[in-house]
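[1] make a model of this:
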Amino acid sequence: MLYATISEGYRRGGSNAVPLTGTFAEDPRWQIYTADSVTNYELGIKGQRGDIRYDVSAFLVDWQDPQLNTSTTNWGFFVVQNGEEAQTYGLEASLDGYLSDNWHYTLGYAYVNAELTSDFYAPDRPAPAAPIALDGAMLPGTPEHALNWALDYTTTVGSDWTWFSRVDGYYQSETRNAVTTSPRFNVPLDGFAIWNATTTLSNDDFDLSLWIKNIANEDGVTGVFTEAYMGTAPSLGYFGNANKQLIALPRTIGATVRYKF
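    Residues are numbered from 1 along each chain as shown. Now for the predicted structure:
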């Protein structure tokens with residue numbers, strides 16, 4: 001099957017909870033952000049040859065007035081503000097098939113180029129002031145390369161039982177933490193891979209599963225509050241240290257029992 005899609009979408013605007021009076025007051029122009037919209041284009045093919053099913057598509061997303069996570073100029077409150085333009089394009093592909101009657105696999109890959117296509121300015125410091133982020137800046141949290149894979153084995157045990165085992169994983173390449181030129185917020189986040197495994201014995205009424213998630217106990221960092229931003233500042237009356245990383249679920253081992261009655 002060959003297909004092509006053109007679609008449009010939008011999100012409403014909103015407001016940020018920034019103080020407008022007092023010691024930590026910010027410019028009122030940080031308070032409001034407006035709606036953004038996208039136009040999506042996709043061209044793809046899906047099909048099957050023998051025991052192999054395949055799916056390949058190319059896409060382009062034009063993003064107008066993108067709502068971007070950033071921080072205020074004076075005190076660094078996290079807020080949403082509108083850029084001018086951004087664009088995402090890429091390729092996705094997947095395979096699904098059988099190596100034999102018992103062995104089944106899936107494999108997927110995505111390439112994504114997601115970036116600003118114009119300079120991004122603070123609302124209280126428009127051009128010709130220095131922009132928050134430059135044309136061509138990588139959009140945060142979007143890896144350029146991503147892979148997923150799985151291999152499973154199914155067989156019968158005796159006349160009433162089925163034994164199913166599966167190993168699967170996911171990999172993503174390096175990402176960025178924010179859309180800004182400031183090293184307090186925009187830091188590179190390393191790529192990572194996460195592996196999982198499960199084995200299940202079942203019949204018509206009963207399932208027993210043993211499983212392990214994140215076998216290698218990979219950190220899988222997807223966001224950072226840096227020490228430069230969240231560190232101790234006694235002169236401001238702030239004595240804590242809230243720098244932290246947002247990480248994947250750590251290695252987790254468990255068992256699941258299901259009974260139908």
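
[2] which residues in the stretch 151-261 of the chain form helices?
    Ranges of helices in the stretch 151-261 of the chain, per DSSP state H, counting those that start in this stretch, are 227-230.

[3] around Arg176, how many other residues sit close by?
    20 (other C-beta atoms under 10 Å). From N, CA and C alone the C-beta is placed, and that goes for glycine too.

[4] swap in Asn196?
    Using other C-beta under 10 Å: Asn196 sits among 17 other residues.

[5] isn't Ser15 right up against Trp30?
    No: Ser15 is not in contact with Trp30 according to C-beta atoms under 8 Å; the separation is 9.7 Å.

[6] who has more neighbours out of those two?
    Taking other C-beta under 10 Å, Ser15 and Trp30 do not tie; Trp30 has more neighbours (24 against 11).

[7] tell me the spacing between that one and Val79.
    Going from Trp30 to Val79 by C-beta to C-beta, to the nearest Å gives 6 Å.

[8] what is in contact with the two at once?
    Contact criterion C-beta atoms under 8 Å, 6 or more residues apart in numbering; residues shared by Trp30 and Val79: Asn16, Val18, Thr72.

[9] nearest residue to the first one other than its sequence neighbours?
    Here the nearest residue to Asn16 in space, its sequence neighbours aside, is Val79; by C-beta to C-beta, 6 or more residues apart in numbering that works out to 4.1 Å.

[10] can you pull the pLDDT of the one you found?
    At Val79, the pLDDT value in this model is 92.

[11] so who does it touch?
    So Val79 contacts Asn16, Val18, Trp30, Tyr33, Asn69, Thr70, Ser71, Thr72 (C-beta under 8 Å, 6+ apart).

[12] bridged to the fifth one, which residues?
    Taking DSSP bridges, one finds Val80 as the beta-bridge partners of Asn69.

[13] my read is that it contacts Gly83, right?
    No: taking contacts as C-beta under 8 Å, Asn69 lies outside contact range of Gly83: 10.9 Å.

[14] more neighbours, those two?
    Shown here are Asn69 and Gly83; by other C-beta under 10 Å, Gly83 has more neighbours (25 against 15).

[15] now do the contacts for that one.
    Asp65, Pro66, Leu68, Leu116, Ser118, Phe120, Ala133, Val179.

[16] same list (those residues) but as a markdown table, adding secondary structure.
    Shown next, in a markdown table, are these (DSSP: H, G, I helix; E, B strand; the rest coil):
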| residue | secondary structure |
| --- | --- |
| Asp65 | coil |
| Pro66 | coil |
| Leu68 | strand |
| Leu116 | strand |
| Ser118 | coil |
| Phe120 | strand |
| Ala133 | strand |
| Val179 | coil |
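
[17] pull the most distant pair out of those residues.
    Asp65 and Ala133 (14.9 Å; C-beta to C-beta).

[18] closest to the centroid, which residue in the chain?
    Gly141 (5.3 Å; C-alpha atoms, centre = their mean).

[19] how close does it get to Val179?
    10 Å.

[20] surely Asn196 touches Ala216?
    No: between Asn196 and Ala216 there is no contact under C-beta under 8 Å: 10.3 Å.
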